[in-house]
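> Can you look at this prediction? I've put the sequence above it.
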Amino acid sequence: MKITDTQVVAQLKLRRAKLKVELERVEIAIRAFQEVDEKNMDYLEAAPYLVEEIITADNDEMAQAILLYNPRDSYNRKIKYALSKIGEGSATHITQYLLQIDRKIKEVNNFHQRITYSASRMYKQGEIAARQDGRINIYKLKTLPVT
């Protein structure tokens with residue numbers, strides 16, 4: 001089968017478009033690193049863990065979420081991070097979101113149980129808010145009163 005010049009040009013244009021998308025994601029990552037409060041997270045340790053996920057993320061918002069996520073955070077911090085992104089959700093919703101941005105989690109059931117336990121404990125200690133939907137708690141970040 002003979003490849004024509006037109007087909008070669010079409011393939012090159014397709015490759016260029018894919019590289020532009022990848023470059024834009026790298027630029028988002030650079031901006032996020034520049035804007036980050038370095039006291040809260042050790043990105044030098046987390047960055048190698050996240051590079052592949054950032055490049056293969058489905059969209060820019062997910063790429064940024066992956067970049068700002070620290071897999072070494074406590075469960076409490078992971079829950080607060082997820083709620084800051086999704087607004088509100090059950091322990092299952094929180095787990096699903098975290099699994100989307102942390103594809104290295106292998107023990108999904110154990111992870112879900114830890115999220116459920118931690119979210120419940122955080123609610124009882126007043127760290128996050130919740131409302132009941134049937135028998136399920138729907139968690140959200142507490143809002144501070146405006147003074």
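On my side now, so go ahead.
> Strands along the chain, start to end?
Secondary structure of the chain (DSSP state E): strands at 88-89, 128-133, 136-141.
> The ones you listed: which one's closest to A63?
strand 88-89 (21.0 Å; Cβ to Cβ). Quick note: C-beta positions are derived from backbone N, CA and C, even for glycine.
> how about TSV for the strands of the chain, with mean pLDDT, distance to Y69 and mean neighbour count added?
Shown next, in TSV, are these (pLDDT from 0 to 100; distance: least, Cβ to Cβ, whole Å; neighbours: other Cβ atoms under 10 Å):
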stretch	mean pLDDT	distance to Y69	mean neighbour count
strand 88-89	94	16	18
strand 128-133	93	18	14
strand 136-141	94	16	17
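> how about the ones you listed, which one is nearest Q11?
strand 88-89 (42.4 Å).
> Export the strands of the chain to TSV and append columns for distance to N76.
Below are the strands of the chain laid out as TSV (distance: least, Cβ to Cβ, whole Å):
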stretch	distance to N76
strand 88-89	16
strand 128-133	9
strand 136-141	12
